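Asker: How does the following fold in three dimensions:
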Amino acid sequence: MMNIMKMTMITKISMIQNSIMACMILVGLAACDASKPHQETSSYPDADTPEFKQFSQQCSICHKPPMPNAHTALEWKHVVERMNLHKAQHGLEVMDKVEKTQVLTYLVMHSKQDK
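Answerer: All right, here's what the predicted structure looks like:
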């Protein structure tokens with residue numbers, strides 16, 4: 001009788017652990033849904049450049065790429081670092097140095113001017 005109770009308890013714990021893991025996976029997928037790329041590019045400046053393509057590819061993994069004039073050049077450096085950290089936290093591949101340089105080159109070139 002005691003063994004049956006222990007097995008029942010272990011089964012319940014296992015089911016709870018599986019449910020928690022499933023919820024964590026769903027939250028991660030909801031935060032970064034790579035199956036729905038957001039790549040409407042017609043309103044972006046220099047959309048035919050390799051830098052824009054890298055920017056669009058990297059940012060559209062999780063959200064619609066922001067307009068480059070949304071931040072100053074200095075702000076973009078911090079934003080790109082923060083987004084790379086978010087990607088790492090969600091188990092996504094982070095930008096390497098070359099990719100990050102391309103993204104920042106595009107954003108800085110079209111960034112909001114400091115006042």
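Asker: those helices in the chain, which residues are they?
Answerer: Taking DSSP state H as the criterion, the chain carries its helices at 2-31, 50-59, 73-89, 97-109.
Asker: which of those sits most buried?
Answerer: Mean neighbour count, computed with mean count of other C-beta atoms under 10 Å, is highest for helix 50-59 among those, reaching a mean of 19. Just so you know, the C-beta spots here come from the backbone N, C-alpha and C atoms, and that holds for glycine as well.
Asker: That helix vs helix 73-89, what angle?
Answerer: Using axes from the mean of the first three to the mean of the last three C-alpha atoms, to 10 degrees, the direction of helix 50-59 lies 40 degrees away from that of helix 73-89.
Asker: Residues touching helix 50-59, excluding its own?
Answerer: Residues from elsewhere that reach helix 50-59 (C-beta atoms under 8 Å, 6 or more residues apart in numbering): 39, 41, 44-47, 65-66, 68, 83, 95, 99, 102-103, 105-107, 109.
Asker: One more pass at 10 Å, please.
Answerer: 37-41, 44-47, 49, 64-66, 68, 79-80, 83-84, 87, 92-95, 98-110 (C-beta atoms under 10 Å, 6 or more residues apart in numbering).
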